[in-house]
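Chemist: Fold the stuff below for me.
(2 chains)
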Amino acid sequence: MNRQISLLQSIVLGFLGLACFLGFWQGMSMSGLVSNIFLPSPLEVYERFTTLIERRFAGATLPGHLAASFMRFAYGFLLAALIGIPLGLLMGWYQLLDEIVSPLFDALRFVAPIAWVPFAALWFGTGIGGPIMIIFAGAFPPCVINAYRGAKFVDPRLIEAANMLGTPSRRVIMEVLLPSSIPSIISGLRVSAGLGWQSLVGAELIVASAGVGYMMVQGQANIQTHTVMAGMVAIGLVGLALDSALRGVERVIQKRRGLEQ
Amino acid sequence: MGVIQFKDVGKIFGPRDKGFVALKDIDLEIRDKEFMAIVGPSGCGKTTCLRMVAGFEDATDGTVSVDGTPIKRPGPDRAVVFQQFALFPWKSVYDNIDLGLRNLNVSSSERKKRIEAILNLMNLTQYAKHFPHQLSGGMQQRVAIARAYVLDPDVLLMDEPFGALDAQTRVVMQEELVRLARKNPRTVLFITHAVEEAVYLADRVAIMTRAPGQIKEVLDVASVRNAENWDSHEKIEDVMDLESFVHLRTHIWRSLREEKAAQHA
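Modeler: Coordinates of the predicted model:
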């Protein structure tokens, strides 16, 4: 059976899942089976979270750390999109470029962003450059892959239509390839934002000033596991917000094209 | 001008020695401002003929030319109307029609004038700001025809343009195309497998053999149409009831059936 689930039901079910999870977690901490350092209770984490919003820890409040992280993320993500999307489109359009770049790209994309940490620090320093490169390494592949797929799977008739209308070959990229790939590119950006944001903690392991990752490293050094957990919650919440924002953009574009469900 | 000429044209898909021979020795001339329909059994290569004029495919042998110039690439002098419309889904009706004119560097005031005229002619004025997905199939094909006609092309290439439409819409579109083609004559190459459509629309009908496709016979419909005064009948069904129409239709049917039978033999 395939019953439709209403919006209200899906919200209720989502909260039910969350409540079960938190309940189990709180139960585990209260049972005394595990020590608080090992597993801080949800309430402790919540309290720590609210405290961190107002009080400085490791040089900044939680919003301060988040802002620093988000700036780095934004630079890395934008750089990935600005280079990755045109590269992917061109690879999908020019066979020669595809043949040259694809093998290299396919091998490199399996190197986890975190593996770049030593070289990122060496090449771009631990200031703004290094972390941006690591976020870039995480965010770049989905941008390329989805733009490439979008360009490869353009309806060939639309290219023929553009050609017969006298569109010069280079302008076909802007007139047909790019707009036709937008849905694929946007879902690529969603994945890319997720991976870039995930790479953040790794990136901030080598940052010595501010950032959620940095805050968590300091928490770990001071054996404040609830601070580490609060950082994890903050990362999760921002990631969720980021994803819903991009999902919104995706929906608007699909609606304009008549692709909505 | 717009004279299309096929001279000893052959087309082989794949390697010359073991590829699929789609067309063989096609010799056909479509005169200026003539409406030529090509009918043939499915897979006979009739669409390939059109695609070679459009510049989407090369001829393996012989030459395809327009006004004596061999075709090298697609261009707005040979506008195409596709079976599946091929409108740009991210562009409004207006912008779909505009692209070709922009490519020709037509001034913006002139573009506006021409687009408004063609929208009016095709009864699309109120849909100018709509996106293709908001329109029915028949409306979308009107936009595609407008997009081709607005370029004022020498040659109009129509590849089973009404094949994807339902029967009623199809009849309306056929009547409109006749109206448009009489008012605004162009050299038209029209591919179809619907015999009645071909007889109703075309000045001449070329019948193709099964693959490898050759021209089997070319029928002069225009002389019959003029002699029997088909155009005095407004409705398509009235024309289709005329004895002279039925006679031509039956003749083409028999010819195609022979090909079909041979295909399966």
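
Chemist: Any idea what B:Val9 is bridged to?
Modeler: According to DSSP bridges, the partner residues bridging B:Val9 are B:Ile26.

Chemist: From A:Phe140, how far out is it?
Modeler: When CB to CB, to the nearest Å is applied, the distance between B:Val9 and A:Phe140 equals 49 Å. C-beta: built from backbone N, CA, C; applies to glycine.

Chemist: Just want to know which of these two has more residues nearby.
Modeler: Remark: of B:Val9 and A:Phe140, A:Phe140 carries more neighbours, 27 against 22, as counted by other CB atoms under 10 Å in any protein chain shown.

Chemist: Tell me the helices and strands packed up against the helix or strand bottoming out on mean pLDDT in chain B.
Modeler: Across the helices and strands of chain B, the lowest-confidence element by mean pLDDT, DSSP states H and E is helix B:167-183, at a mean of 87. Counting contacts by 3 or more CB pairs under 8 Å, 6 or more residues apart in numbering or on different chains; DSSP states H and E, the secondary-structure elements packed against helix B:167-183 are helix B:137-149, helix B:195-201, helix B:236-241.

Chemist: Next SSE downstream of the second one?
Modeler: Next in sequence after helix B:195-201, counting helices and strands by DSSP states H and E, comes strand B:204-208.

Chemist: So A:Gly236: helix, strand or coil?
Modeler: Put simply, A:Gly236 is helix when judged by DSSP: H, G, I helix; E, B strand; the rest coil.

Chemist: contacting residues for it?
Modeler: Contact criterion CB atoms under 8 Å, 6 or more residues apart in numbering or on different chains gives no residues in contact with A:Gly236.

Chemist: pLDDT wise, what is it at?
Modeler: Per-residue confidence (pLDDT) for A:Gly236: 92.

Chemist: With A:Glu250 instead?
Modeler: Predicted confidence (pLDDT) for A:Glu250: 87.

Chemist: so what's it closest to, chain neighbours aside?
Modeler: A:Ile186 (4.7 Å; CB to CB, 6 or more residues apart in numbering or on different chains).

Chemist: wait, B:Phe162 sits on B:Met173?
Modeler: Yes. B:Phe162 sits in contact with B:Met173 when judged by CB atoms under 8 Å, with a separation of 5.3 Å.

Chemist: what touches both of the two?
Modeler: When CB under 8 Å, 6+ apart defines a contact, the residues bordering B:Phe162 and B:Met173 alike are B:Gln141.

Chemist: Contacts only, for A:Trp197.
Modeler: A:73, A:235, A:238-239, A:242.

Chemist: hmm, 6 Å instead?
Modeler: Taking CB atoms under 6 Å, 6 or more residues apart in numbering or on different chains as the contact definition, A:Trp197 lies against A:73, A:239.

Chemist: now do the one 3 residues further on
Modeler: Taking CB under 6 Å, 6+ apart, we find A:Leu200 in contact with A:69, A:73, A:213.

Chemist: what pLDDT does residue 125 get?
Modeler: As the question left the chain open, I've gone with chain A. Looking at A:Gly125, its pLDDT is 85.

Chemist: try again with chain B
Modeler: For B:Thr125, the model assigns a pLDDT of 95.

Chemist: I'd like the distance between the residue lying closest to it once chain neighbours are set aside and A:Ala147.
Modeler: Across the structure, with CB to CB, 6+ apart as the measure, the residue nearest B:Thr125 apart from its sequence neighbours is B:Leu119 (4.7 Å). With the distance defined as CB to CB, B:Leu119 ends up 35 Å from A:Ala147.

Chemist: Over to A:Leu13?
Modeler: 35 Å.

Chemist: just for the chain, where's the confidence low?
Modeler: Using chain A. Low-confidence segments of chain A, defined by pLDDT under 70, span residues A:1-3, A:207-208, A:258-261.

Chemist: Actually, chain B is the one I wanted.
Modeler: Low-confidence regions of chain B, defined by pLDDT under 70, span residues B:265.

Chemist: which other helices and strands contact the longest helix seen in it?
Modeler: Once chain B is assigned using DSSP state H, the helix that runs over the most residues is helix B:243-264. Counting contacts by 3 or more CB pairs under 6 Å, 6 or more residues apart in numbering or on different chains; DSSP states H and E, the secondary-structure elements packed against helix B:243-264 are helix B:195-201.

Chemist: in the stretch 1-150 of chain B, which spans are strands?
Modeler: When secondary structure is read from DSSP state E, counting those that start in this stretch, the stretch 1-150 of chain B shows strands at B:4-13, B:20-30, B:35-39, B:61-66, B:69-70, B:78-81.

Chemist: Save those strands as TSV, and put in distance to A:Pro86 too.
Modeler: Supplementary listing: the strands of the stretch 1-150 of chain B in TSV, determined by distance: least, CB to CB, whole Å:
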stretch	distance to A:Pro86
strand B:4-13	34
strand B:20-30	38
strand B:35-39	42
strand B:61-66	37
strand B:69-70	36
strand B:78-81	29
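
Chemist: nearest to B:Ile252, of those?
Modeler: strand B:35-39 (6.4 Å; CB to CB).

Chemist: tell me the angle the longest helix of chain B makes with strand B:35-39.
Modeler: Per axes from the mean of the first three to the mean of the last three CA atoms, to 10 degrees, the angle that helix B:243-264 makes with strand B:35-39 is 40 degrees.

Chemist: Mind listing residues that contact helix B:243-264?
Modeler: Helix B:243-264 is contacted from outside by B:41, B:195-196, B:199, B:207, B:209-210, B:224, B:228, B:239, using CB under 6 Å, 6+ apart.

Chemist: Among these, which one is most surrounded by other residues?
Modeler: B:Val199 (26 neighbours).

Chemist: Chain A versus that one, what's the distance?
Modeler: 27 Å (CB to the nearest CB, to the nearest Å).

Chemist: What distance do you get for that residue to A:Ser199?
Modeler: When CB to CB is the yardstick, B:Val199 and A:Ser199 sit 67 Å from each other.

Chemist: With A:Val101 instead?
Modeler: Separation of A:Val101 from A:Ser199 (CB to CB) stands at 22 Å.

Chemist: Could I get the buried residue list for stretch A:231-238?
Modeler: Burial within stretch A:231-238, assessed by neighbour count using 16 or more other CB atoms under 10 Å in any protein chain shown, is assigned to A:231, A:234-235, A:238.
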